[in-house]
Structure formats: structure tokens, C-alpha cells
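[1] Build me a model from this:
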Amino acid sequence: MDDLMNILQELHPDVDFDTETSLIDDKILDSFDIVTLIAEISDTYDVAIPAQDIVPENFNSAQALYALIQRLEEEDD
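    Residues are numbered from 1 along each chain as shown. This is a model prediction of the structure:
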């Protein structure tokens, strides 16, 4: 989770990712941020995020993103 928080903080240092739960709904993250996040997550966690998982509910919070990463890691095992 620390790696993910670092990635998010680099994108938007002014956002409290520990408590924010509407990153997409409140337009805190835009499409460029999503593309950057997907690339960084792929590099850091060695997982590929399939197109069907690129939905707002998976990107609205750091916790939702981390749950997605964990699920993808488990599927790779």
C-alpha cells in the first residue's frame, strides 16, 4: 500500500488519499492521471489492469485501487 500511496502523492500531493473516496466522481483524477496510474501500478506491482477493470469504482479511492491490485496479484498466482 505504501508504494501505491507514493504513486498517488506524486500525482496530486495536495490530496488526502487516506480519506478521499471520490477521486473519479469529484474529478480529482482525470484520464491522464488514470493512464499514468495504470502504467505506474504495472511497473511497481507487475500486474496488468484489464480494460474491464478500468471503472470508476476501482479508482475512486486508494483502498479500492489497492484491493484491485491485490486481486490481480492473486489471479496471477
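[2] Report the contact partners of the residue most central in space within the chain.
    Nearest to the geometric centre of the chain sits Leu65, at 4.1 Å (C-alpha atoms, centre = their mean). For Leu65, the contact set (C-beta atoms under 8 Å, 6 or more residues apart in numbering) comprises 4, 8, 37, 41, 58-59. Heads up, the C-betas are built off the backbone N, CA and C, glycines and all.
[3] Residues contacting stretch 42-52, please?
    Residues contacting stretch 42-52 (C-beta under 8 Å, 6+ apart): 3-4, 7, 38, 41, 68-69, 72-73, 76.
[4] buried subset of the residues you listed?
    Buried by 16 or more other C-beta atoms under 10 Å: 4, 7, 38, 41, 68-69, 72, out of those.
[5] And the furthest pair within those residues?
    Using C-beta to C-beta, the two most remote members of the buried ones among the contacts of stretch 42-52 are Ile7 and Leu72, lying 15.2 Å apart.
[6] and the residue nearest to Leu11 when sequence neighbours are not counted, what element?
    Nearest residue to Leu11, sequence neighbours excluded (C-beta to C-beta, 6 or more residues apart in numbering): Asp33, at 5.4 Å. Following DSSP states H and E, one finds Asp33 within helix 31-45.
[7] Name the residues of that helix that are buried.
    Result for helix 31-45 [16+ other C-beta under 10 Å]: buried residues 33-34, 37-38, 40-41, 45.
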